[in-house]
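K.L.:
Pasted the sequence and its predicted model underneath.
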Amino acid sequence: MPLSLSGRSLLVALCLVLLGGCASSSLFVPYPARFAQVSQQEEPAQALSQLSAGLSGGDQLLYAQESGRVAALAGDFAASINFYQQAQRRYQQYDWKALVSLSDLGSQALGATVSDNLIPYRGQAYERVLLHQQQSLNYLWQGQLDDALVEVRLANQAQQLAQQAYGEALHSNKALQSGRIDAELSALDKAAGQAPDSFINPYVLFSNAALYDAAGLSNDALVDLRQALQLQPSNPVLQREFVRLSCQLHIDCASAEQRFGPVMPMGVNDGRVVLLHESGQVAAKQTFWLPFHWDSNYQQIAMPYYYPRQALPPQQITLAQQSLPLARLVQFDALAARSLREQYPFLLARQAIRVATKHNGNRWAQQAGGDLGGVAMQIFNVLTEQADRRSWLSLPQQASGWSGALAAGQYQLTVGSHSSTIKVAAGRTTIVWIADSGVWTQIQSQLL
């Protein structure tokens, strides 16, 4: 039978929304699929060119983070600083509680009723922490230690504020109950491994401590190392650095040595080397689907989750013709999974609103457009039900560290087919950064 005016109007409206969604952030093309085209570029300049289009849209924060990381991997630290500053300005517009919770529903109304992908990307708390840590290294390679220390303090502050905001915002939320959801939450817990939360990052604390100590702020360094050691009490590099600084500052030296063993003091002609090693690429979010019927209408929900992945095998790094025993500090896959698990109560609350709204939309469409209107609305609901899989994907999969003493001089550092000359001076600290994404590799060092 011919469609009524209201039925035709309904179909036109749905088509307009669908067409508009094609141009939106990641409503129909998941972000990981789009970023895969970027990460496969052999030249970082080509990757940055592909990312540039996103720097002015609703996902500007995400693209600024990606661009900053890619620029750093290309060795263009001035450009990386500018991109990260752009991301920082976006973060400053958001309240911490809004970042980790369901607050500010007014600005998320479209996402709550259609798709989370229509909400402008606000980042993750662990991403904001890492943004400051990565920016501190950018300034370090530019010879701007004071600016690097500002970012170190901001990284520490971000960890504390994120933890506080999450604690205030989190409430037990049973908006959607399902055995399948419970199973996926258990899988997320498994993927998160031993990460107690996504906010406090042992790698960031180790990196910050290295800069503090090199700048003569050894008490601050010891505080960060103590916190990192609480998260990883069996980590050998954290143990050595904690004992070294405790004894250097005469703060519970005997107790530290009793717990972790003594550390050989540096010779008068020795300098310290601290190595930060980032490898691989963090996992992308996947989707699980939960179909159901409500009043004979087909509906489904799409939720993001992570598959557990194995840690990368140790990469051989040689310095002064000696293989370095790296200690893994963080598995970024685990941090990402823990971050998602922390957000699930708020994701489920939005999903509950969306399910109810779409159900009411189905009933209205059937009344306005008959069976065809009802079918059209169900198709619309299925097409727009896409899990939000956005996250900072150029981050590494894992990070490791090493520290030790070497006699003053110049040494060759080798990672796979890449090498660099490292300078060591008596009584001073050399910080080395190795980032190997699997496609791009960058080695930087700074004598402080």
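P.N.:
That came through, no problem.
K.L.:
so where's this protein shaky on pLDDT?
P.N.:
Using pLDDT under 70 as the threshold, the predicted model of the chain has low-confidence ranges 1-28, 95-114, 167-198, 291-299, 355-384.
K.L.:
How are the strands of it distributed by residue range?
P.N.:
Counting by DSSP state E, the chain has strands at residues 270-279, 286-294, 297-305, 317-319, 322-323, 327-331, 398-407, 409-415, 418-424, 429-436, 441-447.
K.L.:
Figure out which of those is closest to residue 127.
P.N.:
Smallest distance to residue 127 across those (CB to CB): 13.5 Å, for strand 327-331. Yep, even glycine has a C-beta here, placed from its N, CA and C like the rest.
K.L.:
Only alpha carbons, please: show that closest one as CSV.
P.N.:
Coordinates of each C-alpha in strand 327-331 appear next as CSV, following Å, rounded to 0.1, in the frame of the first residue of the first chain:
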residue,chain,number,x,y,z
ALA,A,327,62.6,-5.1,33.2
ARG,A,328,59.0,-4.7,31.9
LEU,A,329,57.3,-1.8,33.7
VAL,A,330,53.9,-1.7,32.1
GLN,A,331,51.7,-3.6,29.6
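K.L.:
Sheet partners, orientation included, of that strand?
P.N.:
Strand partners for strand 327-331, identified by DSSP bridges, are recorded as strand 398-407 (antiparallel).
K.L.:
any idea of the angle the strand it pairs with forms with strand 270-279?
P.N.:
Interaxial angle of strand 398-407 relative to strand 270-279 (axes from the mean of the first three to the mean of the last three CA atoms, to 10 degrees): 160 degrees.
K.L.:
residues making contact with strand 398-407?
P.N.:
With CB atoms under 8 Å, 6 or more residues apart in numbering as the contact definition, strand 398-407 has outside contacts at 203, 206, 210, 237, 240-241, 264, 266-267, 269-280, 311-312, 314, 317, 319-320, 324-333, 424.
K.L.:
distance of residue 319 from residue 427?
P.N.:
19 Å (CB to CB, to the nearest Å).
K.L.:
Who has more neighbours out of those two?
P.N.:
Neighbour comparison, residue 319 and residue 427: the larger count goes to residue 319, with 21 against 11 (by other CB atoms under 10 Å).
K.L.:
got the contact list for the more buried one?
P.N.:
Contacts were defined as CB under 8 Å, 6+ apart; by that measure residue 319 touches 273, 275, 406, 411, 412, 413, 414, 422.
K.L.:
from memory the last one sits against residue 445, does it?
P.N.:
Yes: between residue 422 and residue 445 there is a contact under CB atoms under 8 Å: 5.1 Å.
K.L.:
residue boundaries of the helices in the stretch 51-200 of the chain?
P.N.:
Taking DSSP state H, counting those that start in this stretch to define them, one finds helices in the stretch 51-200 of the chain at 60-73, 77-91, 96-100, 109-113, 125-141, 145-169, 179-192.
K.L.:
among those helices, which is nearest residue 349?
P.N.:
Here helix 109-113 is closest among the helices of the stretch 51-200 of the chain (CB to CB), at 8.6 Å.
K.L.:
pretty sure residue 206 is touching residue 329, no?
P.N.:
Yes: taking contact to mean CB under 8 Å, the distance of 5.6 Å between residue 206 and residue 329 places them in contact.
K.L.:
These two: which is more packed in?
P.N.:
Here residue 206 and residue 329 are set side by side on neighbour count (other CB under 10 Å), and the busier one is residue 206, at 29 against 25.
K.L.:
Nearest residue to the more buried one in space, please, no chain neighbours.
P.N.:
When the adjacent residues along the chain are set aside, residue 206 lies closest to residue 401, with 5.2 Å between them (CB to CB, 6 or more residues apart in numbering).
K.L.:
can you pull up the bridge partners for the one you found?
P.N.:
Applying DSSP bridges, one finds that residue 401 bridges with residue 276, residue 327.
K.L.:
Now do the phi/psi pair for residue 313.
P.N.:
Backbone torsions for residue 313, taken as degrees, to the nearest 10, come to phi -70, psi 150.
K.L.:
Run a quick neighbour tally on it.
P.N.:
Using other CB under 10 Å as the criterion, residue 313 is surrounded by 7 other residues.
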